[in-house]
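K.L.:
Fold the following for me, if possible:
(3 chains)
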Amino acid sequence: MDLTLKIWRQENPKAKGKFETYKVTGISTECSFLEMLDILNETLIDKVQLPINFDHDCREGICGMCSLYINGRPHGPDDEVTTCQLHMRKFKDGDTIVIEPWRSKAFPVIKDLMINRNAFDEIIQAGGYVSVTTGGIPDANSIPINRADAELAMDAAACIGCGACVAACKNASAMLFVAAKVSQFALLPQGKMEAQARVEAMVAKMDELGFGNCTNTYACEAECPKQISADNIARMNREFFCAKVS
Amino acid sequence: MTQLNSKIPQGPLAEKWSHYKAHQNLVNPPNKPKLDIIVVGTGLAGASAAASLGALGFKVKIFCIQDSPRRAHSIAAQGGINAAKNYPNDGDSVYRLFYDTIKGGDYRAREANVHRLAEVSNSIIDQCVAQGVPFARDYSGLLDNRSFGGAQVSRTFYARGQTGQQLLLGAYGALSHQIKLGNVKLYTRQEMMDVVLVEGKARGIITRNLVSGELEKHFGHAVVVATGGYGNVYFLSTNAMNSNTSAIWQIYKRGAFFANPCYVQIHPTCIPVHGDYQSKLTLMSESLRNDGRIWVPKNKEDAEKIRKKQMNAIELKEEDRDYFLERRYPAFGNLVPRDVASRAAKERCDAGFGVGTTGLAVYLDFKDSIKRLGKDVIEERYGNLFQMYEKIVDENPYNNPMMIYPAVHYTMGGTWVDYELQSTIPGLFVAGEANFSDHGANRLGASALMQGLSDGYFVLPYTIQNYLSKDIKVPRMSTDAPEFVETEKAVKDRLDKLMGIKGNKSVDYFHKKLGHIMWENVGMGRTAERLQKAIDLIKELKKEFWSDLRIPGDNNGVNTELEKATRVADFIELGELMAIDALQREESCGGHFREEHQTPEGEAKRNDDDFKFVGAWEYKGENETPVLHKEPLVYESIEVKQRDYK
Amino acid sequence: MSMSLVTLSSVTKKFVMAFAGIFLMVFLVVHLAINLCLLRNDGGEWFNAAAHFMGTNYVVKVFEIVLMTGFLIHIFFGILLQIQNWMARPVRYMVTNKTTTPFLSKYMIYTGGIVFIFLIIHFMNFYFREIGLVANDVTMGEGEPNFYQVTINLFSNTTYSILYIVLIATLGFHLNHAFQAAFQSLGLNHPKYTPCIKGFSTVYSIIIAVGFCIIPIFFMFFK
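P.N.:
The predicted structure is shown next:
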């Protein structure tokens, strides 16, 4: 199929960007979205033009590196997928596709569609872990964990840190990302010890980095490629409240 | 010829590691903060090493090419991690895990290393649980296990189909903790370009800042390279797009021997190739083989009809299906090791029984399991894998059998390291998939995660101290020292040379061409003739690359084409070494299958008399033939046998 | 004081919003109950009695202050959050977001704004009369405002009645999302009860909207 692409081009973080229009032809429906961009890049290189920069790595939907806001939706017009797993069969011949980087004050553009997501690392560094060091640990089965809680913790832990929640949220809020990590540890006995300090530190860091506030539109949940539930945000709010009042 | 010293400790096998730890040199606490350690790579091995070393008090700098340490490709491991816990009470033990790993590796791994791996495997599980890794649990709240290829016990711990992700996030959490405490400094979007040697010892690295394009010099008393495997030499593999061999290739060129480059694991359960534009192959966890049955049509005519879409797989009657793994290997059935399963699938497809539009696919069928266990159980076990398959192939695997085909997945070869994980360059340690050590000629499922974490959490933090204890008086060096400046200059020259070619072909053109040469000639079945052909073709390709490559843009800032070019330049050279190594190894073992050396039934035939050694290659210079050094493999505790999964 | 409010953590601000919101929602029920007295064919006896009680009882007077504070806090934080949220995305997307979200949940600031305008009109008509900010021309007896008469006067104007219905409907949409969102913000979430809360949220918003709308319709068609 033949497509028209409107893609955000921006030379560097300080440069003023703009949309450029490109045509691609003869794209197979079996092709993945990023493979379609690979094909476009090959034609650009043939014309000695600069290829389009976008982040990607594993191309199997788990590393969380790929982003792209495609026709008004983070990770494009399919549910529960990352951009790398989006396939061209979701588009029609003759479609115009607008590709933008994820927009958030906390995720500045590096080049073209590439963004800087160090903010997520900083939030995790603020407390998104159990403070054990290597060694001297009792047997793994010495801490039995209710299966239902373990499953809920796993649901939350499935977050790949892609930032689609921030990209989708009208407020560019990172609540779902933070809540997923807070929830994972709040549900497990290993994480309970530091639960209060963790939630306060992570929320404070999130605010400091310039993410927006949550207004419960649940766009984050709707676009999360790993179906992280907004229930985690409620759990985080609860944890935060308990931490503040105790 | 240099004698390779593997530094295996004295004493009976089971006591070697305890003996080593009891007698090694340590660095006392006040001295640790005076010592800098560079860690390259933030996968399981790198992140766990940096976190553990940071916690001990060393000053660690850790580098990754992605935007965050959490992106490392360890994250994509699905199935699980082995440990000899024997929780299911099914007869597992440290010895059995050790034995299975050696046997699975086709008797080409170092006994002492593998035994140590099996010994620390249990601590890894303890460590990860303490970090809050949400492993699967049974209704009693205790940890659940599943079975995996190449073993007769259930010893695999898992977190749905995302075990690698959860383990990596555990290590990433530990790393983040140390970053917060100031023990570790993190450098993202930085690629190691070369290692700096001062008086023959590794004392730092040169990196390229992938955002600004600038070269940076970093000092460390020791350097740990944990940059993963080199499967992307085939272009199409299950590796991430940015996985590369450059770090271990540059250290090879600086004097670290490269061992067993020809040992490549081809994974049997990947989604088949569908077009030329395809950029990567997607792996479906091997755990699928627990409940899925692999088959092709018994008759060529049926296969032909299926390929032409005149017939649907589910229409084929039971008696017309050939469950070839169950037929050939009744004892292990669908759970034979990966190399055996891959070759059997290739054999059927080559013989004309393959399915899918290309004929390069076999079925993995869950019909019987769904009937036996119910759809819910299957969904609970493999839901996310089934979903992933459906997203890619657009077919529902609950109704139609999945189609799978082997694909390059893991590389057992890598930098040669001794028992301490130190390469032939003093002070340069290599961990995880980047080193050659523990899997021999073939890796068993759920062992890669075990090895990465074992190296990082429980081996390197000890062995690196044995080295650093002699360095406590060495002050931090200035990166303006001539060795740093010279190495930086060499890197800059190489980059300028690449930018200066100004030819007509893109990097991907060369990478795809290399991948094609490698898959055809240095792939699943190898012959002397084809290997020689590969060497010749790669030599030509190298010339073409250095004369006709086109990299748009410049070196000041983000230039992904330049990044890819530096990596492909190294892949081309590595490809040649792989072919040379495969040609040298006149036997079949594990992932290395020489068609000249097979049993009448088509199984791999080893030659233990002549090839029971680790082949470590020494770089001799541009366009010079590398020199082979042999580390003989001595088996004291295990009887070397023909592998048999029947 | 205002600076320390701005720097409150995002979760705390959500809390305050939700808390004030729930308080206002409870008040709406009381207000509706009083309004429904209008439907009694008693010449405004009950309604004026209720209005009198609300205007003179000391306990109610105290609550009135709390209520006004609730309004101010809810409005202040609503605006503050909105400004911060706009600042969190300095460069907007070219294509409007197409993510599926609950109906009008993205537009709470706008429905809230419309409700605020309504509130001012409403205050001009009733509350400011009570406290003497607006000239009180419709009285009964000792100069006390005759709110029953005020209401009849207002609803005799069809344009006003339609505007009233539209604004109340907007309030309904605001409440529909607000009710369950408040529970989410307060962290009162449970796999069993949350679906009930969501259902109740819809029922509540319909009762409030329909309840208030019945009155102008009653006056338009039956008076």
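K.L.:
gap between the closest residue to A:G64 other than its chain neighbours and A:I228?
P.N.:
Spatial nearest neighbour of A:G64, excluding adjacent residues (C-beta to C-beta, 6 or more residues apart in numbering or on different chains): A:I160 at 3.4 Å. Yep, even glycine has a C-beta here, placed from its N, CA and C like the rest. Noted for A:I160: a distance of 9 Å to A:I228, by C-beta to C-beta, to the nearest Å.
K.L.:
likewise C:Y204?
P.N.:
As for C:Y204, its distance to A:I228 is 29 Å (criterion: C-beta to C-beta).
K.L.:
which of the two has more neighbours?
P.N.:
The residue with more neighbours, out of C:Y204 and A:I228, is A:I228; 24 against 20, by other C-beta atoms under 10 Å in any protein chain shown.
K.L.:
show me where pLDDT drops low in chain C?
P.N.:
Low-confidence regions of chain C, defined by pLDDT under 70, span residues C:1-3, C:141-143, C:223.
K.L.:
Find the closest residue to chain A in it.
P.N.:
C:G187 (2.9 Å; C-beta to the nearest C-beta).
K.L.:
does that residue sit in a helix or strand, and which one?
P.N.:
When secondary structure is defined by DSSP states H and E, C:G187 falls outside every helix and strand.
K.L.:
so it touches A:V245, yeah?
P.N.:
No. Taking C-beta atoms under 8 Å as the contact criterion, C:G187 and A:V245 are not neighbours in contact, 11.7 Å apart.
K.L.:
domains for chain A, by residue range?
P.N.:
Under automatic domain parsing, the residue ranges defining each domain of chain A are A:3-111, A:117-245.
K.L.:
Single out the most deeply packed of these.
P.N.:
The highest mean neighbour count among the domains of chain A, using mean count of other C-beta atoms under 10 Å in any protein chain shown, belongs to domain A:117-245: a mean of 22.
K.L.:
For that one, what is the spacing between the initial and final residues?
P.N.:
Using C-alpha to C-alpha, to the nearest Å, one end of domain A:117-245 lies 32 Å from the other.
K.L.:
tell me which element B:T207 falls in.
P.N.:
With elements taken from DSSP H and E, the one containing B:T207 is strand B:201-209.
K.L.:
which SS state does B:D302 fall under?
P.N.:
For B:D302, the assignment made with DSSP: H, G, I helix; E, B strand; the rest coil gives helix.
K.L.:
That one against B:K317, yeah?
P.N.:
No. B:D302 is not in contact with B:K317 according to C-beta under 8 Å; the separation is 9.5 Å.
K.L.:
Name the residue in these two with the higher neighbour count.
P.N.:
It is B:D302, of B:D302 and B:K317, that has more neighbours when counted by other C-beta under 10 Å, with 21 against 8.
K.L.:
ok, that one - contacts?
P.N.:
B:311, B:316, B:320 (C-beta atoms under 8 Å, 6 or more residues apart in numbering or on different chains).
K.L.:
Dump these into a markdown table; add neighbour count, pLDDT and distance to B:E544 as well.
P.N.:
Output for the contacts of B:D302, formatted as a markdown table (neighbours: other C-beta atoms under 10 Å in any protein chain shown; pLDDT from 0 to 100; distance: C-beta to C-beta, whole Å):
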| residue | neighbour count | pLDDT | distance to B:E544 |
| --- | --- | --- | --- |
| B:M311 | 17 | 90 | 44 |
| B:L316 | 22 | 93 | 47 |
| B:D320 | 13 | 95 | 48 |
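K.L.:
Kind regards, and thank you for your time.
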